[in-house]
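Peer 1: model the structure of this input:
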Amino acid sequence: MKINIFKTEIVVLEKLATYFVTVAKDTINKKGQFSVALSGGSSPKRLYELLSSPAYKNQVQWEKVFFFFGDERYVPLTDPDSNYLMAKKALFAPLDIVTKNIFAVNTSLQPEEAAIDYTATIRNFFAGAEMKFDLVLLGLGDNAHTASLFPHTSILQDQTSAVKAVFLNDQKIYRISFTAPLINQAHHIAFLVYGLSKAAAVKNVIENDKNVEQYPGQMITPVNGTIDWFLDEAAASSLQSIVK
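Peer 2: Numbering: from 1, shown residues only. Okay, the predicted model is just below:
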């Protein structure tokens, strides 16, 4: 685990954008393509807008990048809450990403069927090889959830490398999410977390005793890959192991 701490959220976003470009370039040079699982939410939106800005958009061979979603809200893809729609507006449309390079969750299916269908889509993309993404981008909620791995939900017990539907009782909504084992197979995992409101969650995941039911972010431990945290000073402010 590598913890990268920067003074402001703007610098955090710039450093992660540079990291994204570097990993994408290296992977494309080695393999001819780059597979990435995107995260939803307001923080990643700002990252995607930065990647599609003049400063970064010409640094990646985007026609060789294939986009997936680490989780999705069970809403139509045209819904304002859709992770796909957010990424389309912030990243895909500005970069003119072709449809065949974008793999959205089919939320027109029933939740369990949508999860099974997306697992099959991923399996087909990797053509029988291990479902090992080049990069998985993650955020962290105030309650220490990541992707749609929420505290005390059934998906936390799932040991399969797959996509599953999870029902959030408090929100009365389904989400479709990568399981922790699928995330952990990735070559690279990067957390983007900033803001003082995330300080407790960051500490709980990184430093607290292991309790994955309470702090699901602790489940993200790559099998053979790397994991980088991109934090601003506010989000890292409760960490005791970091020299202040």
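Peer 1: if I look at H145, how far off is T107?
Peer 2: Taken as Cβ to Cβ, to the nearest Å, the spacing of H145 relative to T107 amounts to 20 Å. Backbone N, C-alpha and C define where each C-beta goes, glycine included.
Peer 1: can you list the buried residues in the helix or strand bottoming out on mean pLDDT in the chain?
Peer 2: Lowest by mean pLDDT, DSSP states H and E among the helices and strands of the chain is helix 42-51, with a mean of 94. Neighbour counts over helix 42-51 (16 or more other Cβ atoms under 10 Å) mark S43, P44, K45, R46, L47, Y48, E49, L50, L51 as buried.
Peer 1: what do you get for stretch 170-178?
Peer 2: In stretch 170-178, counting by 16+ other Cβ under 10 Å, buried: Y174, R175, I176, S177, F178.
Peer 1: looking at it, the third one is touching Y74, isn't it?
Peer 2: Translated: I176. Yes. The pair I176 / Y74 is scored as a contact, 6.2 Å apart, by Cβ atoms under 8 Å.
Peer 1: circling back: using JSON lines, lay out the buried residues of helix 42-51 together with distance to E207.
Peer 2: Listed next are the buried residues of helix 42-51 as JSON lines, based on distance: Cβ to Cβ, whole Å:
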{"residue": "S43", "distance to E207": "21"}
{"residue": "P44", "distance to E207": "24"}
{"residue": "K45", "distance to E207": "28"}
{"residue": "R46", "distance to E207": "26"}
{"residue": "L47", "distance to E207": "25"}
{"residue": "Y48", "distance to E207": "30"}
{"residue": "E49", "distance to E207": "32"}
{"residue": "L50", "distance to E207": "29"}
{"residue": "L51", "distance to E207": "31"}
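Peer 1: give me the neighbour count for the residue lying closest to T226 once chain neighbours are set aside.
Peer 2: Setting aside the residues directly before and after it, T226 is nearest to H188 in space (Cβ to Cβ, 6 or more residues apart in numbering), at 5.2 Å. Number of residues near H188 (other Cβ atoms under 10 Å) recorded here: 20.
Peer 1: thought L135 was touching H188, still the case?
Peer 2: Yes. With contact defined as Cβ under 8 Å, H188 counts as touching L135 (4.6 Å).
Peer 1: list residues touching both of these two?
Peer 2: Common contact partners of H188 and L135 (Cβ atoms under 8 Å, 6 or more residues apart in numbering): V23.
Peer 1: what about L109, distance to I176?
Peer 2: 10 Å.
Peer 1: and I10, by the same measure?
Peer 2: As judged by Cβ to Cβ, I10 and I176 stand 31 Å apart.
Peer 1: after the longest helix along the chain, which helix or strand is next?
Peer 2: If you go by DSSP state H, the chain has its longest helix at helix 9-31. For helix 9-31, the succeeding helix or strand toward the C-terminus, using DSSP states H and E, is strand 34-38.
Peer 1: who does that following strand pair up with?
Peer 2: Strand 34-38 has its sheet partners listed here by DSSP bridges as strand 65-69 (parallel), strand 135-138 (parallel).
Peer 1: for T153, find the nearest of these.
Peer 2: Smallest distance to T153 across the strands paired with strand 34-38 (Cβ to Cβ): 16.5 Å, for strand 135-138.
Peer 1: tell me which residues of the helix or strand that that closest one is followed by come out buried.
Peer 2: Toward the C-terminus, strand 135-138 is succeeded by strand 163-168 as the next helix or strand (DSSP H and E). For strand 163-168, the buried set under the neighbour-count rule, 16+ other Cβ under 10 Å, comprises V163, K164, A165, V166.
Peer 1: against which helices or strands is strand 163-168 packed?
Peer 2: Identification of packing neighbours for strand 163-168 by 3 or more Cβ pairs under 8 Å, 6 or more residues apart in numbering; DSSP states H and E yields helix 111-125, strand 173-178.
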